[in-house]
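Asks: Predicted model, plus sequence, below.
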Amino acid sequence: MSDPDIKVHEKWMKEALRLANAALAQGEFPVGCVLVSQNQEVGKGSRTNSGGMAQNELDHAEILALRDWVKRGKPGHCITVYSTLEPCLMCTGALLINGINNIVFAYEDVMGGACGIKLGAISASGQTLRDYSMYRKLKVTSGVLRHESLRLFKGFFSQPNNNYLKGTPLEQYTLEAYKHEKQKHRQNH
Ligand SMILES: [Zn+2]
C-alpha cells in the first residue's frame, strides 16, 4: 500500500468511524460504512436494529449503504467500500453481486467476517464460466484505523445495556485485543 493510498483510506475510514460513533451513541453496534467512487461519497449507512424490538440481521451497515447508493441512482464506478468492521457473508455477497469488490475495513470480525472467503469454490460447477463469475475477485485491505474502531467495539461491549453479541467469542476477542493494545501502548511510552 503506497502512502497516498493510506491517506485516502484513512480519510474515508474516518467518515465510516464517524457514522459508527453516531450508531454507538444510539446504542447500536458500531458499524459504519461508506461507499466511495473517485474520492466522492456515493453511499453510506450504519448498523440499525442491532437491538430492541425490531432486532434483525438484515440492517447491517453495508446493506443500508447499498440501499442509499441505489436511492441516489447508483452513481460512480469502481467503488470502494469502507467499513469499520470486516463485512459478514451476507454483506460481502451483496457487495460482490452489486459489482463492488474493493473492500477496506478497520477491525477484523473473528466470528462472522467473510473477507477471507475462497471465491473459487463458488460456481465451480461451470469451469468455463468461472472466469466470468461476478465472484471472481475480491481486493481486501484490512486494519485501516483498526485501533479507533476497536475502541468503539470495546465501548459497545462494556456498556451493560447492550445485549447484541454479548457472551460471544467476538466480545471476548474484542476485550482481550483492547487490553493487549493498551499494554502495548504503555510499553511504548
Ligand atoms: Zn453484514
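Replies: Nice, thanks for sending it over.
Asks: quick check, distance from the helix or strand that contains residue 35 to the centre of its chain.
Replies: Taking DSSP states H and E as the criterion, residue 35 maps to strand 32-37. With Cα atoms, centre = their mean, to the nearest Å as the basis, strand 32-37 stands 10 Å off its chain's centre.
Asks: And stretch 172-189, by the same measure?
Replies: Centroid displacement of stretch 172-189 relative to its chain, using Cα atoms, centre = their mean, is 22 Å.
Asks: buried sites along it?
Replies: Across stretch 172-189, burial judged by 16 or more other Cβ atoms under 10 Å covers 174, 177, 178. For glycine as for every other residue, the C-beta is placed from the backbone atoms N, C-alpha and C.
Asks: Save the residues you listed as CSV, and put in secondary structure, distance to the ion and pLDDT too.
Replies: Listed next are the buried residues of stretch 172-189 as CSV, based on DSSP: H, G, I helix; E, B strand; the rest coil; distance: Cβ to the ion, whole Å; pLDDT from 0 to 100:
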residue, secondary structure, distance to the ion, pLDDT
174, helix, 17, 97
177, helix, 20, 96
178, helix, 22, 96
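Asks: hang on, the earlier thing: what mean pLDDT does the next helix or strand after the strand holding residue 35 have?
Replies: Downstream of strand 32-37, the next assigned helix or strand under DSSP H and E is strand 40-46. Averaged across strand 40-46, the pLDDT comes to 98.
Asks: angle of the next helix-or-strand element following strand 40-46 against strand 40-46?
Replies: Downstream of strand 40-46, the next assigned helix or strand under DSSP H and E is helix 61-71. Computed by axes from the mean of the first three to the mean of the last three Cα atoms, to 10 degrees, the angle separating helix 61-71 from strand 40-46 equals 130 degrees.
Asks: pLDDT (mean, whole number) over helix 61-71?
Replies: 98.
Asks: what does the strand holding residue 35 rub up against?
Replies: The contact list for strand 32-37 (Cβ atoms under 8 Å, 6 or more residues apart in numbering) reads 12, 15-23, 41-47, 61-62, 64-66, 68-69, 75-84, 100.
Asks: now stretch 10-20
Replies: With Cβ under 8 Å, 6+ apart as the contact definition, stretch 10-20 has outside contacts at 30-34, 36, 41, 44-47, 61, 80, 82-84, 104, 106, 144-145, 148-149, 152.
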